[in-house]
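Peer 1: using only what follows, build the 3D model:
(one chain, ligands or ions: 1)
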Amino acid sequence: MQTMAIIGAQWGDEGKGKITDLLAEKCDLVVRYQGGHNAGHTIWVNGQKTVLHVIPSGVLHPHCLSVIGHGVVLEPENFLNELSKIKTITNVSPENLKLSSNATVITSYHKLLDAARESQGSEKIGTTGKGIGPAYEDKVSRHGIKVKDLFDKDTLLKKLSIGFSEKAVLFKHLYLMEIPPLDQEVDRLYKLGMKLKDYVTDTFGLIDEKLSLGKKVLYEGAQGILLDIDYGTYPFVTSSSTAGAGIYTGAGIPGKKLDEVMGVAKAYTTRVGEGPFPTELFDDLGAEIQTKGHEFGATTGRKRRCGWLDLPLLRYAIKCSHLTSIALTKLDILSNLKDLKVCYAYEVNGKIIDCAYPGMNLYEAKPLYKSFTPFHDDFSGGKPSKEFEHYLHFIQEGLGIPVGIYAYGPDRNQVVFHQKYF
Ligand code: IMP
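Peer 2: The predicted structure follows:
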């Protein structure tokens, strides 16, 4: 196995950081290909917590080259802050962290626009407020600032001016807001650019070269397939290709097929922000899972909505990214609950549906549940209980792909491997 992807199979926050960190030990490169600092990937090592936002989760293994591909949207100030924090924990330098010269820059205007829309617009998405959507909009409308543009003031001024007059009108007349003048933003971005310059390179060429040398590459997704701009629960999605397709456009794996595509899923479901959620729990049990699972956003601190595992959505996620195995996380949170359920299908207008599909109206889906005898495993060694095995078997059979890893706690060693990777 030379190439593998780790992709969120739900609405994000599935524990991708932990799984990436685990597998990075055996890899040469870990590559982020989409999203930005809206992500919050948490890694626990020996009781110490590290939250990464845009730096790949392989960074705690200094032998591993961390790569931020061109599909990522980068907020330079946040990147530099994250970098200085991570430097206090591990060795990071331009030798082992590379940033694409072609990644799109998140400017102050993007952040302000995101915040203004969320607070004043009628259709609230519940974004992270980091400017992700507006930055991708500028990229697609061909007004985007690329990382390489940060190194020359004239270029920066020229490019930033293109979209500026439109934005200025919008802020002044629609949102009734003052925005930083153009020359101030150019100065700010230029200074930040100078500080990150040493990390910048052609990451596409780099990945291409490493692949031809037979190096092992792990692609790390951010958010989850159900938040994908095309496959997700539109419009309540993020603005990037979070599914496997994003790897091909956002980083590069020239002409090559991924050997393994692992979907990471929590043993229950969570969602932050607005949008449909068929198995959402509004009762005490939902609150118990939220508290026990510390279900707060790693980036925004917002409470995550909680519900039962949803197989019709997971089956859909498997199809969207051709997932080959699943890592099932946070099983410890379900241990000792008084009730345990899995949604195996939906009823929609009298019809049974066992796999969601693009554009499906999830608000109409009535979840059908199978109840399980609760398990009380503490996972501290020894044989898993029959109840737990029955539960796991049901999920695996229901998905049709193996549960290759299951995790029962935040720390690196709180996992069981059922399959060998790399
Ligand atoms: P944006 O990515 O900030 O534009 O937010 C769009 C939607 O994606 C909102 O519902 C966010 O809560 C959600 N979202 C973005 N990033 C993450 C993440 O890393 N985990 C979970 N949800 C996220």
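
Peer 1: show me the contacts for the residue of the stretch 1-150 of the chain found nearest the ligand.
Peer 2: Closest approach between the stretch 1-150 of the chain and the ligand, counting by Cβ to the nearest ligand atom: G12, at 2.8 Å. Every residue, glycine included, has its C-beta placed from N, CA and C. By Cβ atoms under 8 Å, 6 or more residues apart in numbering, the contact list for G12 reads A39, A222, Q223, G224, L227, T242, V272.

Peer 1: out of these, who's near the ligand?
Peer 2: Restricting the contacts of G12 to those touching the ligand (Cβ under 6 Å from any ligand atom) yields A39, A222, Q223, L227, V272.

Peer 1: quick one: name the residues of the stretch 151-300 of the chain near the ligand.
Peer 2: So far as Cβ under 6 Å from any ligand atom goes, the stretch 151-300 of the chain lies against the ligand at A222, Q223, L227, F236, T238, S239, V272, G273.

Peer 1: okay, now the unreliable bits of the stretch 1-150 of the chain?
Peer 2: 121-122 (pLDDT under 70).

Peer 1: which residue does the stretch 151-300 of the chain have closest to the ligand?
Peer 2: Counting by Cβ to the nearest ligand atom, the stretch 151-300 of the chain gets nearest the ligand through G273, at 2.4 Å.

Peer 1: quick one, helices of the stretch 1-150 of the chain?
Peer 2: 16-24, 76-87, 108-120, 132-140 (DSSP state H, counting those that start in this stretch).

Peer 1: which of the residues in the biggest helix by length in the chain are buried?
Peer 2: Longest helix in the chain, counting residues (DSSP state H): helix 153-169. Buried positions in helix 153-169, judged by neighbour count with 16 or more other Cβ atoms under 10 Å: T155, L156, L157, K159, L160, G163, F164, K167.

Peer 1: how much does that helix deviate in direction from helix 132-140?
Peer 2: 120 degrees (axes from the mean of the first three to the mean of the last three Cα atoms, to 10 degrees).

Peer 1: tilt between helix 153-169 and helix 108-120?
Peer 2: Using the same axes, to 10 degrees: helix 153-169 against helix 108-120 is 20 degrees.

Peer 1: what about the following helix or strand past helix 153-169, average pLDDT?
Peer 2: Note on helix 153-169: by DSSP states H and E, the next helix or strand toward the C-terminus is helix 182-196. Here helix 182-196 scores 97 as its mean pLDDT.

Peer 1: pull the distance from helix 182-196 to the chain's centre.
Peer 2: Centre-to-centre, helix 182-196 and its host chain are 28 Å apart (Cα atoms, centre = their mean, to the nearest Å).

Peer 1: which residues touch it?
Peer 2: Against helix 182-196 from outside (Cβ under 8 Å, 6+ apart): 76-77, 79-80, 83, 99, 105, 107-109, 145, 147, 150-151, 153, 156-157, 160-161, 164, 180.

Peer 1: buried among the residues you listed? Need that as a selection in ChimeraX.
Peer 2: A single ChimeraX command suffices to select whichever of those are buried according to 16+ other Cβ under 10 Å:
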select :76,77,79,83,99,105,107,108,109,145,147,150,156,157,160,164
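
Peer 1: and F282, how far from L362?
Peer 2: 16 Å (Cβ to Cβ, to the nearest Å).

Peer 1: I meant to write K330 there.
Peer 2: 23 Å.

Peer 1: the two: who's more crowded?
Peer 2: Shown here are K330 and L362; by other Cβ atoms under 10 Å, K330 has more neighbours (25 against 18).

Peer 1: in contact with the more buried one, which residues?
Peer 2: G15, K266, A267, Y268, G293, A407, Y408.

Peer 1: again with K130
Peer 2: G36, H37, N38, E75, N78, I106, K111, D114, T299.

Peer 1: turn those residues into CSV, including neighbour count.
Peer 2: Converted to CSV, the contacts of K130 look like this (neighbours: other Cβ atoms under 10 Å):
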residue, neighbour count
G36, 30
H37, 25
N38, 28
E75, 25
N78, 18
I106, 30
K111, 18
D114, 22
T299, 18
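
Peer 1: so the residue of the stretch 151-300 of the chain closest to the ligand is in contact with T127, correct?
Peer 2: Yes - when contacts are counted by Cβ atoms under 8 Å, G273 is listed as touching T127 (6.8 Å).

Peer 1: of all the contacts of K130, which comes closest to V54?
Peer 2: Taking Cβ to Cβ as the measure, V54 lies nearest H37 of the contacts of K130, at 4.8 Å.
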